[in-house]
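Undergrad: coords below, sequence missing:
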């Protein structure tokens, strides 16, 4: 595991300030700054969200790579600057949507390997989805469980981990 190159994991609930805080941290890291987006334009509402996010980060990043299923490949291919990955929550949902419920996903293992062998600093965003009620259906429970395990695995590799609560960052691991 490469601990000399920063891997900053930022977690929190919906609208907790994860993305904006992560983008602020990204500005302190070397250029070129690449934004790695996992969301897809699946409907008008998502198109509008993506447009708003693009407008908010205008001039902050050198470019955006949209990769809903293989962010690990993008991370592996970059040799300079930094990567801002938003977000693991959507990525896992994409995997389950496109490939169905599985015990493991090749793309997730690919991501873990890329994070472990990183050549550039990363800021990675993920939600906390398991802090509410127990979901009523099997698929939702499986998603919640796999998401929690994914966050644990990425947190174990992170040099810094931050939890956002109501826009307030709490450093849980490492330092900024």
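TA: Noted; the coordinates are in hand. From a predicted model like this one, the values you see are computed outputs, not experimental measurements. Numbers count the residues shown, from 1 in each chain.

Undergrad: What residues sit buried inside the longest helix along the chain?
TA: Across the chain, the longest stretch assigned as helix under DSSP state H is helix 138-157. Neighbour counts over helix 138-157 (16 or more other C-beta atoms under 10 Å) mark 143, 144, 146, 147, 150, 151, 153, 154, 155, 157 as buried. In short, each C-beta sits where N, CA and C put it, glycine included.

Undergrad: and it, what does it pack onto?
TA: For helix 138-157, the elements it packs on are strand 7-12, helix 88-99, helix 106-116, strand 122-127, judged by 3 or more C-beta pairs under 8 Å, 6 or more residues apart in numbering; DSSP states H and E.

Undergrad: If I look at the residue lying closest to residue 75 once chain neighbours are set aside, what pLDDT would I see?
TA: Distances taken as C-beta to C-beta, 6 or more residues apart in numbering put residue 114 closest to residue 75, at 3.9 Å, once the chain neighbours are dropped. On pLDDT, residue 114 comes in at 98.

Undergrad: What strand or helix carries residue 60?
TA: Taking DSSP states H and E as the definition, one finds residue 60 inside no helix or strand.

Undergrad: Can I get the helices and strands packed on helix 138-157 in TSV including mean neighbour count and distance to residue 168?
TA: Below are the helices and strands packed on helix 138-157 laid out as TSV (neighbours: other C-beta atoms under 10 Å; distance: least, C-beta to C-beta, whole Å):
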stretch	mean neighbour count	distance to residue 168
strand 7-12	24	10
helix 88-99	19	20
helix 106-116	18	26
strand 122-127	25	16
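
Undergrad: between the ones you listed, which one is nearest to residue 164?
TA: Set against residue 164 and scored by C-beta to C-beta, the helices and strands packed on helix 138-157 come closest in strand 7-12, at 3.4 Å.

Undergrad: by contact count, what packs against whichever strand or helix holds residue 85?
TA: Assessed by DSSP H and E, residue 85 sits inside strand 82-86. Strand 82-86 sits against helix 18-26, strand 33-37, helix 71-77, strand 122-127, with contacts defined as 3+ C-beta pairs under 8 Å, 6+ apart.

Undergrad: out of those, which comes closest to residue 165?
TA: Comparison of the helices and strands packed on strand 82-86 against residue 165 by C-beta to C-beta identifies helix 18-26 as nearest, at 10.2 Å.

Undergrad: Which other helices and strands does the closest one contact?
TA: strand 7-12, helix 44-56, strand 82-86, strand 122-127, strand 160-165.
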